[in-house]
Structure formats: structure tokens, C-alpha cells
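1. Pasted the sequence and its predicted model underneath.
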Amino acid sequence: MSGQALQLSPSPLLASKTPPWRSKFIVAALALGFVGLAARAAYVQVIGNAFFQRQGEVRFARELPLPASRGRILDRNGLILASSVPAFGIWAIPEDVERDSAKLRKLAKLLGLPAAELNNKLADEDKTFVWLARQVDDATAREITQLGIKGVYQRQEYKRQYPEGEAIAHVVGFTDVEEKGIDGMELFFNQRLAGKPGSRRVIKDRLGRVVEDVGEAVPPQDGRDVQLSIDSKVQFFAYQRLRDAVKEHKARAGSVVVLDSQTGEVLALANYPSYQPGNRKNLSGENLRNRALTDTFEPGSTMKPFTVALALETNRVKPTTPIQTAPGKIQITGSTISDAHPHGVLTVEEIIQKSSNVGTVKLAMQMDRREMWEIFSQAGFGQRPQIEFKGAVPGRLRPYKSWRPVEQATMSYGYGLSASLFQMARSYTVWAHDGQIVPATLLRHAEPAVGVQVVSPKTAEAMRKMLHMAAGPGGTGAKAQTMGYSVGGKSGTAHKQVGKSYASNKYRSWFTGLAPIDKPRIVVAVMIDEPSNGQYYGGLVAAPVFSEVVQQTLRFMGVPPDQTVRPQIVAQTVEESF
Amino acid sequence: MIRLNLVLLLAVMLSAMYLVHTQYSSRRLVTEMHRAEAEARKLEVERESLEVERRSQATPARVQRLAREKLQMRSPNPATTQYVTYAGAVLPVHESVTKPPGASFAKAAQGSRPASGSGVAR
């Protein structure tokens, strides 16, 4: 170390003696600095760890949703009634949008918007997100991509498709743009259909690319399919016939219900007017309403079988017991009840066949009001139907204690109480299912239903015979007959109630019946609201629809005809081939 | 001693490089897997929409319209139908079934609707 001898500087400052605390001070200061660092490290890594970890993650970790796909709605044969297909949501950042009026005009055309409306949407430059259109189909989205307008983006979403369209719109219902069920099955089974979306946490790099997963991903639970009891062929045919009948009779609306009387499954439930569930512009409540379940009316003559069945069940009468209905009028506590056409002496069977009010009232007046109330409520009147549909109405059946004699009389032939067409159809399973009323369902199930016994099998059989007569020659519903199959049923016609009184020129016509009569397989109910083309009797307006629906439904079900028919083809061959 | 340290240092370096490599490829593979999954989902969705499309081309409404208008077909009724059981026996639905029933019906069906016959054959 030769430096010791070196004279470094002549500076007197350096030559001066350094105080001994100075070096200590510096060491101490350095030590303090290290302690500070250690403390900071301890704070960052131990005490405030969670905070910093979170702040870090916020900057690179992202939660990515894993969408669950919505389940499908299928008919009884597995055909698709509703399913989700990909679509695109078009959105824009107004500030970034390139103002090229030619391109924007093209865009407006593709989106089906007036150009002014598009400009309106893009006008507010303060907004950072504007929906231009939702649920745009694939082809349109591709064309929009080709336009290449800056500031216009697309987002993948899903759209519900309803291949069967308006024929089954009221049953299936529809969803909103976020695929949330709004009506019908889509609403009732929304939870089951929707599934549960999953998620995964990932680390993303500066460019937004996923680098790696953090922790376990939650897999999405896809929505489950719902299989309905509806047969889309029966449904379509019933809808078509109903639509034609409503148009033919210049009616306001109509409904038809087809029930499998053995399993309680709803094979078809159609209303007209209907709507396209995929395109719901200009929709009104008229189109949306599932009338068969939500509209009630006085069941009229369709109720008579229940009154007569009660009389049979309690051994008050036999089917052949004669009842005097002349002169076609009867006085009940001052009110007159009359028949449309006066009859003389009718047997109990003929009372149903000819639909005699007087005869029914005479039977009803022998009975206790409580008995009548019981059989009516057991048949489902005044009870909310247990059905997979939100908004099914219970109708009205007042407690028997408040019935006055005249009301008991009118109720025996179906006035003073109300029911939906669906309730009426279901009540007729009593006759079709050997005296049991079967629980109705819109979901497919194969087993025969276990019903509640309302009347004995013997009474049900006797009633089937009477209903067969009513739909036969000399009955009120002769037009309900159909080739090859024996049918039975009851027609009904009523003046519509407007306010507190009945309108003289507004009618409602319906027909409820079953087929084939010996071993019933189906119950069909048809209602036409305000037919205004001359004819208005249920037997003339609704019965022909019943006839054709029965014919086609039994054919689709593979039920062999139980009546002999004269083969037409042989005769036609002779005409046409020679 | 120094030589051993150098060897160990080299080993550590190599191992570190290898670790970086595996991590990189694992990330790459994960990304690829997700891309494949997304692709699978996309294809699944496409299959679904094609199925819906197929279904909407085969709705009863369309089938009926085409059958009526293009093929001049019409709906059968029990009078123009011969019912058979699984065993092959003919159900007696018709009042006067001429014998042999099969032959006469087949002929009848052929003869009565030449338009629909040719339509089906196409």
C-alpha cells in the first residue's frame, strides 16, 4: 500500500481531521435505510399482501364467463319446437365511427333501420357503447364485417328459433333478447332450460391474449331439454282447421284442445289469432292470449251430462226413464226456463240428445245443491287446472251455500258458472276414462294416468252412449260425425255476455266430445268466438272442426276405425280409369 | 471446487431454461386447447342451427303445401285406406271388400290418382 505515503491533496478541508461520529452516522443512516426497505418489504409481502395481490390481479387476471346454452323444447316425437341458434349483436362506439354516409346507409339497410334512426343512435358521441341491432343473423353479420366500418363491432349472442311458428306459439311462448323466458313453456321452464353459466379465471397479457388459467374453472351447466306432450302434426292440423273455421265464419277468435284421454297428455292446444314467435312486431294482446287456458265462458249445454250423470249415479233415474218436458217451459221461483224447441216426453237419454233445458232442470231440482257442487268441482270446474302454464285461470263456481233455486236450475245446464275451454276438455275425460278425471299435462309421459273417480264406470258408459246419440242423427251435434270413427259429444251455443247482460247478436259456439266412443282415446274441444257469417250454433260452427280434428288425430295415432265405411276408391277407379 | 461450481451453475442454467420452455409450451397448449374447445362449441352450435333449419324445412305446414301443390296429393280418409294388423291380417273396416282385397285396393290406388302416382315416383 504505497498510497499511504501519497499526498492526495493540498486542500485544507481534506486535511482537517474528520470527527469520529461521522462514519458512525453514515453507517447508521445506511442501516436505517435497510430497515426501511425491510419494513416496506414486510408491509408489501406480509401485512398488505392481500391488497397488492388483488391490485396485481386486477391488472392481468380476468374472469371469463362460460355461457350455458339454453335447452331445446321438443314435441312428443323429439321434433324441435324451439332451439337457440347463433346470432350477432351489432354495437358501436359513436366517437370512433367513421362518418362515411354511403357506408352508413348500407349499414342501415342491412340492419333494417331507417337511416335517420341509425344516425340518431350514433349522434351522442359521449356514449361509449350503443346497441345498433340485436340478434342479427349470420349472413347479415358477415356483410356488415365486409363493410368494414371503423367503430362498429359485433358480439356473439343467441337467438331462439321456432320452426313450427304460429301453429304452436301459445304453448311454446318466447324469450326476450337475453334469452329469458317471457311466455308459455319458455317462461314456465325457464330455470330448467336456462342452465347455469360457468366461468374461468385467466391471466391475460398486454394484448389481451390468454396466458394461463388461474385456479379451477367452473364448467357451465347447459340447460336441459323439455319434451312436451304436444304432437306437432296434430297441433298443426288442429291449428289449420281452426284458422280456416274462424275465417270462414268471420269469427273473432277460436281455440281447440286435444287431450289423450288415457294419459291426460295434451296432444294439441291451439288458438287463433296467433303470432310468429320469432317476429313479434305489432303484437297485441289479442294475438298473444292463450285463450284456451285464460279465457272463461259459461259452459252451457256442455254441463248437462254432469247433471244427468249425477241423477244416474244416485239412482234417481235410468237412461230410459221418461221425463215430461212439454210445454217446453218451466217456472222456477218466478223465472221461466225454456227450450229452444219444445219437446214432449223425453227419456233421460233424449234429454242429452236433444239438449233439453227443461228436462235437465227437472232432474236438477230433484237434487241437493251440494251434490251438484261436488260433482262440478270434482270435474275441475272452479279449480285452477294443474298444468305447466302460468296464467291458467280457475273459472268460477260459487260455493253451493249461496246458490238460489233458480241458480241451481241454470247451473244444471251450464249458466251461472264459467270455465276455460281447457277445463271443459279435461272434464270430459270423466266420460272417456271410465268415470275418472285424469290430470292433464303438457309434458310427455307414457304411462296411463291415474285419475280421480268422479262417477262409476257404468254411468260413464251410459253417458258415452248418450253423447254418441247427441252427435248422431237427431242430435244437436250431427256434424261432429266423422268417417270411420264413432264420436260422441255435446255442442254449446251462448249469447256472449257484454257487461251485465247478454248481447243478442254476439255468440260463442263450441263443441266438446270424445272418440272412438267405445274405447275413447281422445277428447277434443273446439270453441269459436263471435261467428258472424250467418251460422252460430255450436253444432254447425264448431262441430265440423271437431269432426276433422278427430279424424286426423286418430289417424296420426294409428287408431283403426271402429265403424265400417263404404270404400270410395273402388267406385272412383271405375269412373276415372275407364 | 470451482469446476464443480461451474458444472452446477451450468446445470442450474439449463434447468432454468428448460423450465421456461415447458412453461411456455404449456401456456401455448392451453391456449390451443381453449381454441379447440371454442371451435368444438362453434361446430356444435352450427350443427344445432342446421338441425333447426332442417326442421323448419320439414314442418307439417310446408310438407302439406308441397304435397298439395307440387305433387297434387291429398289427405287419405278411412274410405281410401286399408288397415292391416301387425300380423298382416286385414282389418274389416269396409262394408264391401271385394276379393282379393289387396289387389283391388292396390289397383284402385294406382288408377285413381295418376298425378300423385307419378309425383311420388319422381
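-> Perfect, I can see it now. Numbers count the residues shown, from 1 in each chain, chains lettered A, B, ... in the order given.
2. residues near the residue in chain B positioned nearest to chain A, how many?
-> At 2.9 Å from chain A, B:Pro78 is the closest residue in chain B, using Cβ to the nearest Cβ. Backbone N, C-alpha and C define where each C-beta goes, glycine included. Residues lying near B:Pro78 (other Cβ atoms under 10 Å in any protein chain shown) number 24.
3. Pretty sure it sits against A:Val550.
-> No. B:Pro78 lies out of contact with A:Val550 (Cβ atoms under 8 Å); the separation is 11.6 Å.
4. what's the overlap in contacts for the two?
-> A:Tyr485 (Cβ atoms under 8 Å, 6 or more residues apart in numbering or on different chains).
5. most centrally placed residue in chain A?
-> A:Gly184 (1.7 Å; Cα atoms, centre = their mean).
6. beta partners for residue 90?
-> All of this refers to chain A. Going by DSSP bridges, A:Ile90 is paired in beta bridges with A:Ala133, A:Gln154.
7. that's the other chain; I wanted chain B
-> According to DSSP bridges, beta-bridge pairing links B:Val90 with B:Val84.
8. Look up how far A:Asn77 lies from it.
-> Note on B:Val90: its distance to A:Asn77, by Cβ to Cβ, to the nearest Å, is 28 Å.
9. go on, A:Arg291?
-> According to Cβ to Cβ, A:Arg291 stands 26 Å off from A:Asn77.
10. Quick one: residues contacting the closest residue to A:Arg426 other than its chain neighbours.
-> Spatial nearest neighbour of A:Arg426, excluding adjacent residues (Cβ to Cβ, 6 or more residues apart in numbering or on different chains): A:Ala440 at 4.9 Å. Residues in contact with A:Ala440 (Cβ under 8 Å, 6+ apart) are A:259, A:264-266, A:385-387, A:422, A:426, A:429.
11. hmm, back to that, between B:Val90 and A:Asn77, which has more neighbouring residues?
-> Using other Cβ under 10 Å as the criterion, B:Val90 and A:Asn77 rank with B:Val90 on top: 15 against 11.
12. Surely the more buried one and B:Val84 touch.
-> Yes. If you go by Cβ under 8 Å, B:Val90 and B:Val84 touch, sitting 5.6 Å apart.
13. how about whichever residue of the stretch 201-350 of chain A sits closest to chain B, phi and psi?
-> Closest approach between the stretch 201-350 of chain A and chain B, counting by Cβ to the nearest Cβ: A:Phe236, at 3.8 Å. With angles defined as degrees, to the nearest 10, A:Phe236 sits at phi -60, psi -50.
14. burial of it, as a residue count?
-> 22.
15. what's the answer for A:Ala68, then?
-> 17.
16. Could I get the contacting residues of the nearest residue to it once chain neighbours are set aside?
-> Nearest residue to A:Ala68, sequence neighbours excluded (Cβ to Cβ, 6+ apart): A:Gly195, at 3.5 Å. Contacts for A:Gly195 (Cβ under 8 Å, 6+ apart) come out as A:68-71, A:220-224.
17. thought the residue of the stretch 201-350 of chain A closest to chain B was touching B:Thr59?
-> Yes. Contact criterion Cβ under 8 Å: A:Phe236 and B:Thr59 qualify, at 7.2 Å.
18. Between those two, which contacts overlap?
-> Here A:Phe236 and B:Thr59 have A:Glu164 as joint contacts, going by Cβ under 8 Å, 6+ apart.
19. Leaving out the residues flanking it, which one is nearest to residue 75?
-> In the absence of a named chain, chain A is used. Per Cβ to Cβ, 6+ apart, closest to A:Asp75 is A:Ser232, 4.4 Å.
20. looking at chain B here, not the other one
-> Of all residues not flanking B:Ser75 in the chain, A:Gln552 sits nearest, at 7.5 Å (Cβ to Cβ, 6+ apart).
21. Let me know the distance separating the one you found from A:Phe237.
-> 5 Å.
22. Check A:Gly148 too.
-> The gap separating A:Gly148 from A:Phe237 is 49 Å, by Cβ to Cβ.
23. Settle it for me: which of those two has more neighbours?
-> Counted by other Cβ under 10 Å, A:Gly148 and A:Phe237 do not tie: A:Phe237 has more neighbours, with 27 against 9.
24. element containing that one?
-> helix A:232-248 (DSSP states H and E).
25. I'd like the next helix or strand past that helix.
-> strand A:253-260.
26. and that next one, what other elements does it pack with?
-> For strand A:253-260, the packing partners by 3 or more Cβ pairs under 8 Å, 6 or more residues apart in numbering or on different chains; DSSP states H and E come out as helix A:232-248, strand A:266-272, helix A:291-294, helix A:421-427, strand A:522-529, helix A:543-556.
27. Make TSV out of the ones you listed and add mean pLDDT.
-> What follows is those, written out as TSV (pLDDT from 0 to 100):
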stretch	mean pLDDT
helix A:232-248	93
strand A:266-272	93
helix A:291-294	90
helix A:421-427	93
strand A:522-529	93
helix A:543-556	92
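28. export the ones you listed to JSON lines and tack on distance to A:Lys329?
-> Shown next, in JSON lines, are the helices and strands packed on strand A:253-260 (distance: least, Cβ to Cβ, whole Å):
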{"stretch": "helix A:232-248", "distance to A:Lys329": "34"}
{"stretch": "strand A:266-272", "distance to A:Lys329": "38"}
{"stretch": "helix A:291-294", "distance to A:Lys329": "35"}
{"stretch": "helix A:421-427", "distance to A:Lys329": "28"}
{"stretch": "strand A:522-529", "distance to A:Lys329": "29"}
{"stretch": "helix A:543-556", "distance to A:Lys329": "27"}
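29. Quick one, which of these gets closest to B:Leu9.
-> helix A:232-248 (75.9 Å; Cβ to Cβ).
30. quick one: buried residues of the closest one?
-> The neighbour-count check on helix A:232-248 (16 or more other Cβ atoms under 10 Å in any protein chain shown) flags A:232-243, A:245-246 as buried.
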